[in-house]
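Undergrad: From the sequence below, what's the structure:
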Amino acid sequence: MINFVICTDEVLLLNKCKNEIEKFMMQYDTDYKCHTYNEYGEGWKKYAKKEDGYKIYLLAPSKESISELDAAKLIREEYDDWTSMIVIIADSKKQHTSIEKSLMIIDVINKSPSIEKNLQIALTRCMKNYDNRPNTITYTYKNNIYNIDLRQIISIEKETDNKRCIIKTTTRKYPIPGTLNTIMKSLDNRFIKCYRNMIINLDQIENYYMRQGKIIFKNGETITAISRNQKKEIIKYIRGIRN
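TA: Below you'll find the model as predicted:
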C-alpha cells in the first residue's frame, strides 16, 4: 500500500494533486490511498507519527499552521522518518534549495504554471525509490549485524509479549527488533501483512486453498490465519496456482 499524504488549504491545488496521482497510479498494479489535510495540525501530525507502510508526502503552504518546510523537519527530525518520500510544492522554486539535501527532499516544485507536469516527474522519482528498494534487509540486534536475502524469507511474526519479531527463512529463524509496521518499510511489494501478527512473502506460496483459507508454502509449512482484506490480494498475486 502506498499512502499519499497531501497537505494544502487550497482546494484547487488539492484537486490537481489528487487528479495527477490518480492518473499516475493507473500505470501501477499497486494499492494506494490519498490522505488529505488542510493544515499541519493535530490530525496531520498524528498520521505523520503513525507507521503506515510507504508514504509519499506532498507538502504545500498552509496559512493556518506551520510552513511546509517545518513540516518536513518534523517528519525527518522529530518523528525520525527517513524512509518516506517528501515533495514540497512551494510558491517559489528557489525557496528551499539550500536544505533539500539535508532533509532528503525528493523535489521542490512550483505551484504554477506547470505543476501537473512537474508533479508527474516528482512522482516518478518517488516510485523509482519504491520499486528499487533493497533486495536484502539489514539490521543490528544485540551487537550482531544481520543481512537477510528477501527472497529467502517465508514469514515474519510478532512474538507475544515481546518487543521483537521473528524472521523465518528457508533455512533458519532470526530475531529482529521493532514492530511489523516498521519492518514493512524495509520490504518490497512481494510482502503483505496477512493478519495483525504476521507478514508473509507471496513469492514463497506454493498453493492457496480458498475454501479452507489455507496457504501452503514451498517448504511445506501452512497457515490459515488470513485477514479478509488480504484474501483478494493473495488471489491476484498467485493467479494460476491451483486452489
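
Undergrad: Quick one: low-confidence residue ranges for the protein.
TA: For the chain, the stretches flagged by pLDDT under 70 are 51, 53, 92-98, 131-134, 238-243.

Undergrad: okay, now the domains of it?
TA: 2-131, 148-237 (automatic domain parsing).

Undergrad: Return the residues in contact with the residue nearest in space to the middle of the chain.
TA: Nearest residue to the geometric centre of the chain (Cα atoms, centre = their mean): Tyr54, 1.1 Å. By Cβ atoms under 8 Å, 6 or more residues apart in numbering, Tyr54 lies in contact with Met1, Ile2, Asn3, Thr83, Ser84, Tyr130, Lys185. C-beta coordinates here come from the backbone N, C-alpha and C atoms, glycine included.

Undergrad: the helices in this structure, which residues?
TA: 11-25, 42-49, 68-73, 115-131, 180-184, 228-237 (DSSP state H).

Undergrad: most packed of those helices?
TA: Of all those, helix 68-73 carries the top mean neighbour count, a mean of 20, counting by mean count of other Cβ atoms under 10 Å.

Undergrad: Please report the distance of the residue nearest to the centre of the chain from Met85.
TA: Separation of Tyr54 from Met85 (Cβ to Cβ, to the nearest Å): 8 Å.

Undergrad: circling back to that earlier point, out of the domains of the chain, which comes closest to Ile137?
TA: Checking the domains of the chain against Ile137 by Cβ to Cβ gives domain 148-237 as the closest, at 4.8 Å.

Undergrad: So for that closest one, first residue to last residue, what's the gap.
TA: Distance between the two ends of domain 148-237: 23 Å, counting by Cα to Cα, to the nearest Å.

Undergrad: Next, report how far that domain is displaced from the centre of its chain.
TA: How far domain 148-237 lies from its chain's middle: 16 Å, per Cα atoms, centre = their mean, to the nearest Å.

Undergrad: ok, now stretch 116-125?
TA: For stretch 116-125, the distance to the chain centre is 18 Å (Cα atoms, centre = their mean).

Undergrad: pull the CA atoms of it into PDB?
TA: Below are the C-alpha coordinates for stretch 116-125, written out as PDB (Å, rounded to 0.1, in the frame of the first residue of the first chain):
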ATOM      1  CA  GLU A 116       0.900  18.900 -13.500                       C
ATOM      2  CA  LYS A 117       4.000  18.000 -15.500                       C
ATOM      3  CA  ASN A 118       6.400  18.700 -12.600                       C
ATOM      4  CA  LEU A 119       4.300  16.600 -10.200                       C
ATOM      5  CA  GLN A 120       4.400  13.700 -12.600                       C
ATOM      6  CA  ILE A 121       8.200  13.900 -12.700                       C
ATOM      7  CA  ALA A 122       8.400  14.100  -8.900                       C
ATOM      8  CA  LEU A 123       6.000  11.100  -8.500                       C
ATOM      9  CA  THR A 124       8.200   9.100 -11.000                       C
ATOM     10  CA  ARG A 125      11.200   9.700  -8.800                       C
END
